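Q: Need a 3D model of the sequence below.
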Amino acid sequence: MLTLRKSQERGHANHGWLDSYHSFSFSGYQDPEHMGYSVLRVINEDIIAPDMGFGMHSHQDMEIVTYMLKGALQHRDSLGNGSVIKAGDVQRMTAGTGIVHSEFNASSTESAHLLQIWLLPERDGITPGYEEKQFSNAEKQNRWCLIASRDGREGSLLVHQDIALYATVLTQNQQIAYTMTEGRSLYIQIVRGNVVLNGEALEAGDAAKIDSYPQVDIQAGEEAELLLFDLPTDHSSH
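A: Reported below is the predicted structural model:
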């Protein structure tokens with residue numbers, strides 16, 4: 001089964017300093033039909049105005065992945081980490097027993113554009129942790145680049161859940177396929193550009209939920225960037 005989640009159907013909140021689109025219920029946007037998918041709980045597409053951001057706030061029992069698209073984000077947390085993540089960087093924060101952090105646009109002139117992703121951990125009470133890594137366009141070009149996984153294989157970030165998160169940048173008209181495994185589900189998020197996925201046209205901000213398909217075939221129109229989540233099938237959240 002293939003179910004589309006169109007960009008314009010997402011929740012939207014414009015706070016002036018923050019323009020945010022919510023694929024799943026979050027904060028003031030509550031939709032019982034879109035509470036998550038498998039262990040994927042949040043995908044927020046955030047555009048943060050120059051010099052603005054989120055002051056110190058806490059998280060618990062969540063795996064938080066930030067995928068930077070444009071600009072730069074200044075990160076500080078209660079573990080003592082302080083860094084600036086830029087386009088192409090991916091950050092993983094294990095909130096576990098509790099973590100406090102802030103994130104601000106590091107630029108006074110340019111907006112910061114990112115995806116913030118929350119995944120339910122495999123268990124509560126994990127020791128908090130932090131990791132970040134740069135994945136170049138060359139590593140992602142016309143291939144599935146593993147950026148996060150349960151065991152941190154292939155140089156990916158380690159997340160405490162049975163998932164594999166891939167990114168790809170497809171050049172114009174390029175094709176790519178992904179073979180599904182029994183008992184798994186996919187969530188594919190179009191980050192930019194446009195593609196045709198198993199005959200369905202998808203544009204930036206669109207997503208597809210997929211289960212019980214043997215293979216996913218994707219062809220880019222213009223250059224496209226997308227994320228693919230290989231997730232445990234959990235029909236209670238479909």
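Q: Okay, helices next: where are they in the protein?
A: 137-140 (DSSP state H).
Q: Any regions of it where pLDDT drops low?
A: Scanning the chain with the threshold set as pLDDT under 70 gives 235-238.
Q: Find the centremost residue of it, please.
A: Closest residue to the average C-alpha location of the chain: Ile117 at 4.3 Å, with C-alpha atoms, centre = their mean.
Q: Run through the bridge partners of that one.
A: Ile117 has these beta-bridge partners by DSSP bridges: Ile43, Val65.
Q: from what I can see it touches Leu40, true?
A: Yes. Shown here, Ile117 and Leu40 form a contact pair, counting by C-beta atoms under 8 Å, at 7.4 Å. No exception for glycine: its C-beta is placed from N, CA and C like everyone else's.
Q: which non-adjacent residue is nearest Ile64?
A: Spatial nearest neighbour of Ile64, excluding adjacent residues (C-beta to C-beta, 6 or more residues apart in numbering): Met93 at 4.4 Å.
Q: What's the local residue count around that neighbour?
A: Applying other C-beta atoms under 10 Å, we find 26 residues neighbouring Met93.
Q: do the one 10 residues further on as well
A: By other C-beta under 10 Å, the residues close to Glu103 number 24.
Q: How about the one 4 residues further on?
A: Around Ser107 there are 18 other residues, counting by other C-beta under 10 Å.
Q: Enumerate every residue touching it.
A: Pro50, Asp51, Gly71, Ala72 (C-beta atoms under 8 Å, 6 or more residues apart in numbering).
Q: quick one: it from Asn44, how far?
A: 20 Å (C-beta to C-beta, to the nearest Å).
Q: circling back to that earlier point, quick one: the residue nearest to Ile64 and His59 touch, right?
A: Yes. With contact defined as C-beta under 8 Å, Met93 reaches His59; the gap is 7.5 Å.
Q: which residues do the two both contact?
A: Common neighbours of Met93 and His59 (C-beta under 8 Å, 6+ apart) are Ile99, His101.
Q: Leu197 and Gln219, how far apart?
A: Distance from Leu197 to Gln219, counting by C-beta to C-beta: 8 Å.
Q: what about these two, which has more around it?
A: Between Leu197 and Gln219, counted using other C-beta under 10 Å, the more crowded position is Leu197 (20 against 15).
Q: Just give me the neighbour total for the spatially closest residue to Ala72 that is not a sequence neighbour.
A: Excluding its sequence neighbours, the residue lying closest to Ala72 (C-beta to C-beta, 6+ apart) is Ala106, at 4.0 Å. Look at Ala106: counted by other C-beta under 10 Å, it has 20 neighbours.
Q: ok, Glu139 - contacts?
A: Glu139 makes contact with Cys145, according to C-beta under 8 Å, 6+ apart.
Q: er, Gln174 actually
A: Going by C-beta under 8 Å, 6+ apart, Gln174 touches Asn142, Gln219, Ala220.
Q: can I get those in CSV with distance to Gly11?
A: Converted to CSV, the contacts of Gln174 look like this (distance: C-beta to C-beta, whole Å):
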residue, distance to Gly11
Asn142, 32
Gln219, 29
Ala220, 27
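Q: Many thanks, I have nothing further to ask.
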